[in-house]
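Novice: 3D, please:
(one chain, ligands or ions: 1)
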Amino acid sequence: MTGMMEGKSGLVTAAGSGIGRGAAVALAKAGAKVMVSDVSEEGGQETVQIIKDNGGEAAFFKCDVSDEEQVKALVNKTVETFGKLDFAHNNAGINKGLKPIGELDSKDWDITLKVNLYGAFYCIKHEVNAMLKSGGGAIVNTASGAGIEGSPNMAPYTASKHAIVGLTKSVALEYGKKGITINSIAPGATITPAIEGWAKSSPKQYEAVLETLPAGEMSTPEDQGNAVVFLCSDLAKQISGVTLAVDGGYTAGK
Ligand code: NAD
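Specialist: Below is the predicted model of the structure:
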């Protein structure tokens, strides 16, 4: 993928850990200048350092995607720093309220929708307006397998991720003629720091989950990042409105 993103610049949200970090590092390895954003300054700065250690170019901007003013500032800062916004990976997502809906605290519903769905809306809104100024661009959202199938005890998360799939389709129809593509990735179980910790503390449950996966293994943040690079690159210019499952085939039978 070396050189695939040469001359392009953009942003990744929630890039201080896991999938967002995987995407930011992969985009930079492919030649892009990357604005690494996260609500955690520590995680975000670590990602910037990884990119710089690999010989890439990156900067950090702190942003909580559930606050529209912070999102607007992130987009503006990216354009100010790198000159234009060619791509954006809207990746921030949380999963609160792991209970049946009758027991759900409305606060968990509100915060999950606020980060996952409103955050994506704020990002897309300001990103398309920035991209229109430079002739177009590519947006990739992070949905989930939970955006394709139902998941018990995860109603707010599942609702928000299904909504991302629909949002992606609508925006694709609105902005195709203006040179903007928009797609989502739907990661399956992906080895992030949280899952690594759980795998170490619960090896039997971890092995049982692996048994359910057609590929026999979880994906890595790098696997997710590679899909993001492709969807942000010119190779994907005819792909828009799509949610790409990156899950080793898990949702193929759903
Ligand atoms: P992670 O826990 O490794 O990292 C999440 C990052 O998001 C952290 O750095 C955190 O500081 C940041 N963050 C949290 N709230 C934020 C906010 N309001 N604004 C900006 N940043 C915020 O997470 P991950 O597992 O890499 O998940 C990333 C995305 O991938 C999420 O949208 C998640 O729903 C999705 N996803 C993950 C998996 C998986 O198995 N890991 C599967 C499907 C989908």
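Novice: Give the buried residues for stretch 206-222.
Specialist: Residues 206, 213, 218-219, 221-222 are the ones in stretch 206-222 that count as buried (16 or more other CB atoms under 10 Å). All C-beta atoms are positioned from the backbone trio N, CA, C, and that covers glycine.
Novice: what separates the closest residue to the ligand within the stretch 51-200 of the chain from Ser160, distance-wise?
Specialist: Taking CB to the nearest ligand atom, the ligand has its nearest neighbour within the stretch 51-200 of the chain at Gly93, 2.2 Å off. Note on Gly93: its distance to Ser160, by CB to CB, to the nearest Å, is 7 Å.
Novice: what about the residue nearest to the residue of the stretch 51-200 of the chain closest to the ligand when sequence neighbours are not counted, how many residues close to it?
Specialist: The shortest distance from Gly93 to any non-neighbouring residue, by CB to CB, 6 or more residues apart in numbering, is to Asn116 (4.7 Å). A count of nearby residues for Asn116, using other CB atoms under 10 Å, gives 29.
Novice: Was I right to think Asn116 contacts His162?
Specialist: No. Here Asn116 lies out of contact with His162, judged by CB atoms under 8 Å, at a distance of 10.5 Å.
Novice: quick one: secondary structure of Ala59?
Specialist: strand (DSSP: H, G, I helix; E, B strand; the rest coil).
Novice: Same question for Val34, what's its three-state structure.
Specialist: With three-state DSSP as the basis, the three-state label of Val34 is strand.
Novice: Where is the longest strand in this protein?
Specialist: Criterion DSSP state E: the longest strand present in the chain is strand 180-187.
Novice: buried stuff in stretch 45-63?
Specialist: By 16+ other CB under 10 Å, the buried positions in stretch 45-63 come out as 45-48, 50-51, 56, 58-63.
Novice: now the strands: where do they sit in the stretch 1-150 of the chain?
Specialist: 9-12, 33-38, 57-62, 87-90, 137-142 (DSSP state E, counting those that start in this stretch).
Novice: what does this protein have sitting close to the ligand?
Specialist: Contact residues (CB under 6 Å from any ligand atom) of the chain with the ligand: 13-14, 16-20, 38-40, 43, 63-66, 91-94, 115, 142, 144, 187, 189-190, 192-194.
Novice: Of these, select the buried ones using a ChimeraX command.
Specialist: A single ChimeraX command suffices to select whichever of the residues of the chain next to the ligand are buried according to 16+ other CB under 10 Å:
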select :13,14,16,17,18,19,20,38,39,43,63,64,65,66,91,92,93,94,115,142,144,187,189,190,192
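Novice: Among the residues of the chain next to the ligand, name the ones in helices.
Specialist: Mapping the residues of the chain next to the ligand onto helices (DSSP state H) picks out 18-20, 43, 193-194.
Novice: Let's have those in CSV, adding pLDDT.
Specialist: Below are these laid out as CSV (pLDDT from 0 to 100):
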residue, pLDDT
Gly18, 97
Ile19, 98
Gly20, 98
Gly43, 98
Pro193, 89
Ala194, 83
